[in-house]
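[1] take this sequence and fold it.
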Amino acid sequence: MARSSKRRLHPTVVELEGRAVPAVTDPTGTFAVVDGRLALPNQATSPRLNFGRTYFRYASNGGIAVKILGTASDGGNLVMGPAVKDRFVNPLPSTRPVPLPTVFQFPAGRNAQIVNFRPGEYSFPVSGGWSNRVGSYHLSIQLVGDANGDFRVDNNDIKLLRQMMSKPASVPLNVYQSADYDGSGTVTNRDMTLARQNLGVVSNIRPLAFSTAIDPSVSPVFNNYVRTTDVALLLSGTPGAGFLATNMSVPLSTEIGGVVGPNGITQIALPIGLGSNAISVSARDGFGQSRETFVSINRLPVAVVVLPDLGGTVPKNQSQAGLDAFYGNRGVPMSQLTLTNDYTPMFASLSAAGYVPGRDLFAVPYDWRLGQAPNDGTPDGTLSNLTASFMTQDTPIYEINYFGQVLAAMVANDPTITTVDIIGVGGGALLARAYIQSPAFGGTFSTGTSTLKLPQVESLVMVSGPNEGIPQFLNPWNNDFNDAFGPSTGSVMAALNPLYSGVAAGTTTIPGTDVTINQAAIIDPVTTLPSPLIFAQLYFPSFRQTIADTDFLIVGGIPTNVNAVPGTSPDLLLDLNAVNTSGNSPWLSRVVQASASFGVTTTTITQLTQQTGLGGTVWPIGQPAPIPTVDNQIWYQPSTTTDVGDGVVPLNSLLSVFPNDSKIALQLWGSPGVTPPPGVTFTPTNGPVTHIGLLSNMDFLNWLRSRLIQ
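    Numbers count the residues shown, from 1 in each chain. This is a model prediction of the structure:
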């Protein structure tokens with residue numbers, strides 16, 4: 001059968017001279033670039049190039065000559081071509097097209113060739129050969145003859161080539177090298193001939209521009225890490241170019257694709273995992289250009305702040321001199337305080353999970369003798385006097401100021417900290433609530449010449465939190481310190497009694513950031529004598545703010561409370577709980593997630609009964625040990641309930657109004673074999689379930705880690 005005389009249009013290849021390719025990246029006249037990755041040994045990637053008439057005006061001979069220069073990221077040789085018509089988009093003859101042989105340039109390697117294309121779409125294979133190479137390659141596609149780089153080949157280019165041939169030094173070196181189309185090392189008549197064959201060619205394609213950067217206004221970066229679960233990427237490039245973003249470090253991660261906007265800028269959010277993330281963002285256009293950019297970023301967990309309980313902080317200096325200095329001053333600087341050893345297991349557990357103290361894990365030692373937070377006098381669920389500026393002030397008037405100082409230092413030293421997780425233990429849970437239920441939450445403050453913003457809260461974990469207060473705190477507020485500090489009561493009283501004696505005698509003054517306690521300050525206006533009661537209330541205002549706000553007090557056989565008693569009412573709790581109703585604490589909606597965890601099977605003081613006269617003992621300031629009550633003396637007798645509470649906080653205060661509130665998760669713990677209180681379900685555990693003992697319970701610690709947002 002006769003062979004058809006119809007000419008088939010295949011790309012043709014021009015042999016280049018056998019000499020080294022000059023080290024020129026994107027030479028003058030480059031109208032397109034292609035980035036790609038090297039495939040497995042002896043396998044090629046095949047960029048598709050669209051040489052349709054949409055993008056080009058062809059030469060009079062119906063073709064367009066381009067020089068393709070390839071470079072590998074490892075500096076090695078590439079195996080390129082030959083170009084073949086793309087079988088996926090072009091009609092195929094009955095037999096497979098046969099590509100023309102390609103003559104590669106040696107000794108530099110197979111890194112450059114000139115191809116004469118006809119209108120159509122083509123595949124252009126690129127590989128690293130047989131070697132087991134990894135890395136990427138870059139192709140520069142140059143119009144042969146475009147000596148001046150205006151993306152057309154015309155007489156201006158011919159004139160410039162003549163100039164280069166006669167006066168090589170009259171143009172910049174890179175321009176001269178770019179016009180060496182045949183790779184001979186100099187611009188010669190052969191380069192002129194190649195250029196003339198391309199006269200009339202025009203390309204309306206321009207090299208694809210594309211870059212990727214993290215948008216710091218959305219994802220703050222510090223020391224090459226972020227703390228957000230998504231990273232905001234700012235893509236800049238040729239309008240209309242398609243892009244695809246992939247996190248190569250996360251298996252089966254979400255890929256995000258789209259088109260660069262008309263202004264050349266597009267922002268996307270890509271999910272990232274904890275640890276290192278290698279992100280690839282590639283862009284393509286209709287011709288087949290491609291650019292691949294890479295962003296490497298580490299993601300750290302959300303920073304955790306631990307607020308300890310009342311009494312959970314002690315002076316760093318545990319010598320007698322250090323203890324004397326502590327008890328003789330109030331509102332001591334945070335630098336002189338540290339947490340008790342009760343918190344060591346929790347910090348060890350969090351450190352083992354990857355949290356680094358001082359970077360991801362922060363403690364708030366505070367002087368727990370101060371009041372907790374300012375009360376505005378209006379019980380409406382908001383502490384309106386607690387602003388960000390007040391909370392972060394240098395002088396701690398309240399316990400909350402220590403918290404503010406830590407938060408201020410965190411955001412000032414690390415701009416990635418825009419949110420935090422809070423673990424509030426005991427009274428620390430109330431400090432967390434005071435922050436969340438105030439204008440300080442997420443508010444702005446000034447430091448030096450900067451204006452910063454306090455962090456929002458991702459996860460709030462309240463541990464053994466006295467949300468409705470503690471009944472027995474009415475006793476120390478009334479100068480009865482029987483068991484006020486547990487086994488440490490004796491040592492605390494031994495430290496306080498000499499101070500009181502000195503103040504009463506007028507020989508000692510106790511400085512404080514909130515109040516100075518001297519003889520004049522403790523004089524009873526009725527008796528005109530120094531009052532140990534006034535001394536106790538000035539020294540420990542924190543006790544009042546944590547007195548229970550429930551009907552815990554039995555007077556004449558009738559349950560009641562002290563909520564309306566001037567000078568005794570738990571004003572802070574009454575404000576924090578003012579708008580709570582059964583199954584609904586509106587303030588919880590301000591955090592991403594909330595949890596409360598506590599033990600429920602420890603015998604706990606659940607109520608006090610008002611007594612008068614003989615029959616009891618009290619331990620007032622000034623006495624070395626408990627003393628019997630006397631005639632007509634009012635005192636409060638504690639009553640315990642078996643297996644209802646954590647040993648300090650009764651069950652009704654731990655639970656508060658949280659049951660049936662979908663905004664908070666409850667995790668109750670109990671000892672095996674103990675019958676739970678009616679309507680209560682707990683998780684059995686062999687570890688301790690007491691108020692502070694829970695912090696060393698491994699079951700609790702495992703649960704705690706699961707509740708932090710990483």
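[2] what residue lies at the spatial centre of this protein?
    The chain has Arg227 as the residue nearest its centroid, 2.1 Å off, counting by CA atoms, centre = their mean.
[3] what residues are up against it?
    When contacts are counted by CB atoms under 8 Å, 6 or more residues apart in numbering, Arg227 is found next to 299-303, 416-419. Every C-beta, even on glycine, is put in place using the N, C-alpha and C of the backbone.
[4] how about Pro455?
    Taking CB under 8 Å, 6+ apart as the criterion, Pro455 is in contact with 303, 407, 410-411, 417-420, 442.
[5] what's the answer for Ser170, then?
    Contact criterion CB under 8 Å, 6+ apart gives 163-164 as the residues in contact with Ser170.
[6] again, only using 7 Å
    Contacts here follow CB atoms under 7 Å, 6 or more residues apart in numbering; on that basis Ser170 touches Gln163.
[7] and it, what's its pLDDT?
    In the prediction, the pLDDT value recorded for Ser170 is 95.
[8] distance check, it against Gly149.
    Summarising the geometry, the distance separating Ser170 from Gly149, computed by CB to CB, to the nearest Å, is 16 Å.
[9] could you do Thr601 as well?
    Shown here: Thr601 relative to Gly149, a distance of 82 Å by CB to CB.
[10] the two: who's more crowded?
    Under the criterion of other CB atoms under 10 Å, the comparison of Thr601 against Gly149 puts Thr601 first, with 28 against 17.
[11] right, and that one touches Pro672 too?
    No: in this structure, Thr601 is not within contact of Pro672 by CB atoms under 7 Å, at 9.4 Å.
[12] about what we covered before: the contacts of Pro455 into TSV, with extra columns for pLDDT?
    TSV is the format used below for these (pLDDT from 0 to 100):
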residue	pLDDT
Ala303	97
Leu407	98
Met410	98
Val411	97
Ile417	96
Thr418	95
Thr419	96
Val420	98
Gly442	97
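[13] show me those residues that map onto strands.
    With DSSP state E as the criterion, strands contain 303, 419-420 from among those.
[14] what comes up buried for the longest helix belonging to the chain?
    With secondary structure taken from DSSP state H, the chain has its longest helix at helix 489-505. Buried residues in helix 489-505, defined by neighbour count with 16 or more other CB atoms under 10 Å: 489, 493, 496-497, 499-500, 502-504.
[15] now what about it, what contacts it?
    With contact meaning CB under 7 Å, 6+ apart, helix 489-505 is reached by 323, 327-328, 481, 483, 485, 508, 510, 517-519, 522, 530, 532, 535, 619, 621-622, 624.
[16] of those residues, select the buried ones using a PyMOL command.
    Once 16+ other CB under 10 Å is used to decide burial, the buried members of those can be selected in PyMOL as follows:
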select buried, resi 327+328+481+508+510+517+518+522+530+532+535+619+621+622
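[17] next, the buried residues of the host helix or strand of Asp157.
    Asp157 is located in helix 155-166, with elements delineated by DSSP states H and E. By neighbour count on 16+ other CB under 10 Å, the buried set for helix 155-166 is 157-158, 160-161, 164.
[18] Three-state assignment for Pro216, please.
    Using DSSP: H, G, I helix; E, B strand; the rest coil, the secondary structure recorded for Pro216 is coil.
[19] now, among the buried residues of helix 155-166, which is nearest to Val201?
    Nearest to Val201 among these, counting by CB to CB, is Asp157 at 10.2 Å.
[20] surely that closest one touches Asn148?
    Yes: under the criterion of CB under 7 Å, Asp157 is in contact with Asn148, at a separation of 5.7 Å.
[21] please, where are all the strands along the stretch 101-250 of the chain?
    Counting by DSSP state E, counting those that start in this stretch, the segments of the stretch 101-250 of the chain that form strands are 112-117, 121-123, 126-127, 136-143, 202-203, 210-214, 225-226, 230-237, 242-247.
[22] helices and strands of this protein: which one bottoms out on pLDDT?
    Taking mean pLDDT, DSSP states H and E as the measure, the helix or strand of the chain with the lowest value is strand 12-14, at a mean of 47.
[23] quick one on the thing from earlier: for Gly647, find the nearest of the strands of the stretch 101-250 of the chain.
    For the strands of the stretch 101-250 of the chain, distance to Gly647 was read as CB to CB. The smallest value, 41.1 Å, belongs to strand 225-226.
[24] which strands or helices does the closest one pack on?
    In terms of contacts (3 or more CB pairs under 7 Å, 6 or more residues apart in numbering; DSSP states H and E), strand 225-226 is packed against strand 290-299.
[25] next, the angle strand 136-143 makes with the strand it packs on.
    On the basis of axes from the mean of the first three to the mean of the last three CA atoms, to 10 degrees, strand 290-299 is oriented at 150 degrees to strand 136-143.
[26] quick one: mean pLDDT over strand 290-299.
    Mean per-residue pLDDT for strand 290-299: 94.
[27] check contacts around Gly465.
    Counting by CB under 7 Å, 6+ apart, Gly465 touches 424, 426, 429-430, 596, 654.
[28] mind listing the helices for the stretch 201-350 of the chain?
    Secondary structure of the stretch 201-350 of the chain by DSSP state H, counting those that start in this stretch: the helices cover 320-327, 344-352.
[29] closest to Gly377 out of those?
    If we rank the helices of the stretch 201-350 of the chain by CB to CB, the stretch that ends up nearest is helix 320-327, at 31.2 Å.
[30] for that closest one, buried residues please.
    Residues 326-327 are the ones in helix 320-327 that count as buried (16+ other CB under 10 Å).
[31] distance from it to the middle of the chain?
    Using CA atoms, centre = their mean, to the nearest Å, the distance from the centre of helix 320-327 to the centre of the chain it belongs to is 39 Å.
[32] for Leu235, which non-adjacent residue is closest in space?
    Among residues not flanking Leu235 along the chain, Thr266 sits closest, at 4.6 Å (CB to CB, 6 or more residues apart in numbering).
[33] what is the neighbour count of the one you found?
    What Thr266 shows, counting by other CB under 10 Å, is a neighbour count of 18.
[34] you'd agree it is up against Ile256?
    No: using CB under 7 Å, Thr266 makes no contact with Ile256, being 10.3 Å away.
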